[in-house]
Each structure stands twice: as C-alpha cells, then as structure tokens.
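A.B. asks: Here you go, sequence then predicted model.
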Amino acid sequence: METVLTQALPVNKEGYLLDSKLWTPEWAKEVAAQLNITLTDKHFEVLKWLRDKHASGVPLTIRKVGASGLVDIKEFYALFPGGPLKISSKIAGIPKPASCI
C-alpha cells in the first residue's frame, strides 16, 4: 500500500520533489517518516545546508557534506542510513545529486 502525503507535492518517479521551492519542513517530516527516519534538529541543520548549497549551484557529494563542519561522514551515514546523500536530498526536496546512482 502506497502512503499518501498530507501535502501532495509533485515528485518525479523516484520521489524527488520537482520544484524545491514547494518544500516545507512538514513535507520533509512525512517523507522521512516513510523512510523510517525521525527528523531531529541535526537532521534539519543538514537539510538546510543541502538546500542552501543546491540553491547556490554547488554540486553535492558526501565528501562536501563531511567537510561542511556540521557532521562528519560517519554521522551523516548515521542520520540518513542506506544512502545518506540520496536520502537526505530527497528529504531536503532537492534533485538527486549526479554523484548518486
């Protein structure tokens, strides 16, 4: 059974938000819940950083997140298990980074 988000926003076939300007923290919480992640303040710090970098046109990589000063790579994996950059980008409402398969 597919879960329907309270805020039904347009996404692509992989579930990435088509227009990052439509993103809300509430939408992020619902997407995260579907992925069995409960968002904390630390999650939101990382999501904000990702959104800011994306808006600036910076290509995202796990190494860049690890060098951000917010989290190290190990903590990034702990916050977003199973593919941290791919999952965090989806929750952040930005396109899947080119570095993710």
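C.D. replies: Looks like it came in fine. Numbering: from 1, shown residues only.
A.B. asks: Going by C-alpha atoms from here, please, whenever you check contacts or count neighbours.
C.D. replies: Fine.
A.B. asks: Show residues contacting the longest helix seen in the chain.
C.D. replies: Secondary structure of the chain per DSSP state H: the longest helix is helix 41-55. The contact list for helix 41-55, computed with CA atoms under 8 Å, 6 or more residues apart in numbering, reads 59, 60, 70, 71, 79, 88, 89, 91, 92, 93, 94.
A.B. asks: Would you mind confirming that residue 59 makes contact with residue 97?
C.D. replies: Yes. Using CA atoms under 8 Å, residue 59 is in contact with residue 97, at 7.1 Å.
A.B. asks: Of the two, which one has the most company?
C.D. replies: Ranked by neighbour count (other CA atoms under 10 Å), residue 59 and residue 97 place residue 97 first, with 15 against 12.
A.B. asks: Give the closest residue to the more buried one in space, chain neighbours not counted.
C.D. replies: Using CA to CA, 6 or more residues apart in numbering and skipping the chain neighbours, the partner closest in space to residue 97 is residue 60 (6.1 Å).
A.B. asks: Good, wrapping up.
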